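Student: Fold the stuff below for me.
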Amino acid sequence: YPTIVYSQILKRLYPDVPVIAGGIEASLRRVSHYDYWQDRLRPSILVDAPVDMIVYGMGEIPVTQIADRLAAGESLSSLTDIPQTALLLTADVTPAPDNDNIILASFETCLRDKRSQATNFKHVEQQSNRMHGATIWQPHGKKTVKINPMLPPMTTKEIDASFDLPYTRLPHPRYRNKTIPAWEMIKHSVNLHRGCFGGCAFCTISAHQGKFIASRSKESILREVKQVTRMADFKGYISDLGGPSANMYRMGGRDLSVCEKCMRPSCLHPKPCPNLNNDHAPLLDIYKAVDSLPEVKKSFIGSGVRYDLSMHESGNEQIDRTNRYNEELITRHVSGRLKVAPEHTIDHVLDIMRKPSFKQFYEFKKIFDRINRTQGLKQQLIPYFISSHPGCHEIDMAELAAETRDLNMHLEQVQDFTPTPMTVATEIYYTGYHPYTGEKVYCATRPEEKQSQRRFFFWYDPAYRADITRALQRLHRPDIIRKLFPAYRDPHQNDRNKSKKRR
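Tutor: Numbering: from 1, shown residues only. Now for the predicted structure:
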């Protein structure tokens, strides 16, 4: 909890100096939230950290507004209306609820009633994903947290101004002569845009960056690519031309007046919005412009690709006819392995995840295999999967194992669901209720439940075979045992056959 620790130190050393917190930790803990490591509901970080204000989300515009108003002589305590900030105020300033002000259940109420916490989250997520949101208030004892609305997405001019600042593109000097794996992975990459309208239930991007896409100009992107090519260790390969989701550059609603009224957390689930413009042509133009630079041998796409977006038929004949994104991606921009994220194979789990049916993965795989075959390539398709996600039972993981075995996949890119603040999945995990339906949802919460799901990823490992076999016998699924282990012989089958003959 570095924000809490550091702000306490600063206030002890400099008690009269205002402190404003920002970044991921402060942003995602701005209201009452479940903390997985302590397994308890915590209040807003404004209660625990002695800070004067939080800037949540991506903070260029709020920070400059705060600086300008302080420079004009205003006090920090008077800056209660800055967009994308949160403050701890006295409870007597809380207004009556209306279209512009949403009053959440208090922290104390949420401690007593998990349904109230789930209901709170629905409001928070909806307002985080609105173009013009309401102000959110949550009482905490004799204080109240005020969360001012998120700003609309930055204009291209604004986001260019931020990305064009003179960054060193180097780690902090204290790490000199040390290897930082994360830095090695991203140092030759370029970020094209912000925001994500996928709305995955386990992801915090929309809570931090919002669902509306803010895209850089082609000129700004090329300036940064040229800067990368001048790095001493650059060998001609851009590791990633990406973003939160790699293929959402310059996408959004065709009619923005519809978007201004929208409260959907996802533009892709349960099905793509009819107002969504998914034209990949501007993105393909970026790829070609980067690859045409003499210093660049090849550019890769390392960020996650939404294949449900790239495969979606928009209904616009010109876009659907010319949109060859998947072919361009697979032919020219895969560094041997293309990573995609179906996350699961079972529809009822995918629905809670806000992900498309696994049938779409099969369709994408057909495209991938066809292009590899016709182009003489030997690339691999690497899927990501999650176990123990809310709504996922042990038998669902068994079905996942059988289905991926049929695809001849020995899974590597896997994880067990870990709750993080401000996601739908975390609220379901903690409360046991879906915030949007109020229905109870099963969650694997105990370590042994989570382990019983996770081991199905590794059905091919002899170390797990006995446990998996016993689990499937308990679940009365010998058919899956035979799928996973064709040489398996049911030791009780002879007894059952004899019993049938006697009857």
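Student: quick one, what contacts P153?
Tutor: Contact analysis of P153 by C-beta atoms under 8 Å, 6 or more residues apart in numbering lists M131, R194, G195, G210, F212, I213, A214. Any C-beta I mention is one placed from the backbone N, CA and C, and that applies to glycine too.
Student: Sorry, slip of the keys, the one I care about is V55.
Tutor: Per C-beta under 8 Å, 6+ apart, neighbours of V55: I20, A21, G22, A26, P62, V63, I66, Q84, T85.
Student: Just give me the neighbour total for the nearest residue to it once chain neighbours are set aside.
Tutor: Closest residue in space to V55, ignoring its immediate chain neighbours: G22 at 4.2 Å, by C-beta to C-beta, 6 or more residues apart in numbering. G22 has 20 neighbours, counted by other C-beta atoms under 10 Å.
Student: List the contacts of G22.
Tutor: G22 neighbours (C-beta under 8 Å, 6+ apart): I54, V55, Y56, G59, V63.
Student: Which of these scores worst on pLDDT?
Tutor: For those, the weakest pLDDT value sits at G59, with 93.
Student: Against V424, how distant is the closest residue to that one other than its chain neighbours?
Tutor: Once flanking residues are discounted, G59 sits nearest to G22: 5.0 Å by C-beta to C-beta, 6+ apart. G22 is 24 Å from V424, where distance means C-beta to C-beta, to the nearest Å.
Student: Which stretches in the stretch 351-500 of the chain count as helices?
Tutor: If DSSP state H, counting those that start in this stretch is used as the criterion, the helices of the stretch 351-500 of the chain fall at 359-375, 394-406, 424-431, 447-454, 462-474, 478-484, 493-502.
Student: Which one, of the ones you listed, ends up nearest to L70?
Tutor: Closest approach to L70 among those is made by helix 424-431 (35.4 Å; C-beta to C-beta).
Student: related to what we said a few turns ago, just the ones in strands from the contacts of V55, please.
Tutor: Among the contacts of V55, the members found in strands (DSSP state E) are I20, A21, T85.
Student: Switch those residues over to TSV; also include pLDDT.
Tutor: Output for these, formatted as TSV (pLDDT from 0 to 100):
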residue	pLDDT
I20	97
A21	97
T85	98
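Student: Would you list the phi and psi of the closest residue to S303 other than its chain neighbours?
Tutor: Spatial nearest neighbour of S303, excluding adjacent residues (C-beta to C-beta, 6+ apart): G242 at 2.8 Å. Per-residue torsions, G242: phi -140, psi -160 (degrees, to the nearest 10).
Student: distance of G242 from M248?
Tutor: For G242, the distance to M248 - C-beta to C-beta - is 10 Å.
Student: who has more neighbours, these two?
Tutor: Between G242 and M248, counted using other C-beta under 10 Å, the more crowded position is M248 (29 against 23).
Student: Count the neighbours of the closest residue to that one other than its chain neighbours for me.
Tutor: Nearest non-adjacent residue to M248, counting by C-beta to C-beta, 6+ apart: I213, 5.3 Å away. Look at I213: counted by other C-beta under 10 Å, it has 22 neighbours.
Student: mind checking the SS state of the residue nearest the centre of the chain?
Tutor: In the chain, the residue lying closest to the centroid (C-alpha atoms, centre = their mean) is C203, at 2.9 Å. On the three-state scheme (DSSP: H, G, I helix; E, B strand; the rest coil), C203 is labelled coil.
Student: Was I right to think it contacts K211?
Tutor: No. Look at C203 against K211 with C-beta atoms under 8 Å: they stay out of range, at 10.9 Å.
Student: Surely F458 and L411 touch.
Tutor: Yes. Using C-beta under 8 Å, F458 is in contact with L411, at 7.5 Å.
Student: remind me which residues of the stretch 301-450 of the chain are low pLDDT?
Tutor: 318-323 (pLDDT under 70).
Student: 80 instead, please
Tutor: For the stretch 301-450 of the chain, the stretches flagged by pLDDT under 80 are 314-323.
Student: hang on, the earlier thing: which residues do C203 and K211 both contact?
Tutor: Listed as contacting both C203 and K211 by C-beta under 8 Å, 6+ apart are C196.
Student: what are the ranges of the helices in the stretch 151-300 of the chain?
Tutor: With DSSP H, counting those that start in this stretch, the ranges of helices along the stretch 151-300 of the chain come out as 156-163, 181-186, 205-209, 218-229, 256-259, 281-291.
Student: residues in contact with G236?
Tutor: Each residue near G236 by C-beta under 8 Å, 6+ apart is listed here: E295, V296, K297, K298.
Student: Let me see the contact set for the second one.
Tutor: Which is V296. Residues in contact with V296 (C-beta under 8 Å, 6+ apart) are V225, T229, G236, Y237, I238, V290.
Student: that older thread, P272: which of the helices of the stretch 151-300 of the chain is closest?
Tutor: P272 lies closest, by C-beta to C-beta, to one member of the helices of the stretch 151-300 of the chain: helix 256-259, at 13.8 Å.
Student: Pull out the buried residues from the closest one.
Tutor: Going by neighbour count (16 or more other C-beta atoms under 10 Å), the buried part of helix 256-259 is C259.
Student: And stretch 249-258, by the same measure?
Tutor: Buried residues in stretch 249-258, defined by neighbour count with 16+ other C-beta under 10 Å: Y249, R250, M251, G252, G253.
Student: how about JSON lines for those residues, with distance to A72 added?
Tutor: Converted to JSON lines, the buried residues of stretch 249-258 look like this (distance: C-beta to C-beta, whole Å):
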{"residue": "Y249", "distance to A72": "37"}
{"residue": "R250", "distance to A72": "36"}
{"residue": "M251", "distance to A72": "38"}
{"residue": "G252", "distance to A72": "34"}
{"residue": "G253", "distance to A72": "36"}
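Student: Which of those residues fall within strands?
Tutor: Residues of the buried residues of stretch 249-258 located in strands (DSSP E): G252, G253.
Student: of all the buried residues of stretch 249-258, which two lie farthest apart?
Tutor: Y249 and G253 (15.1 Å).
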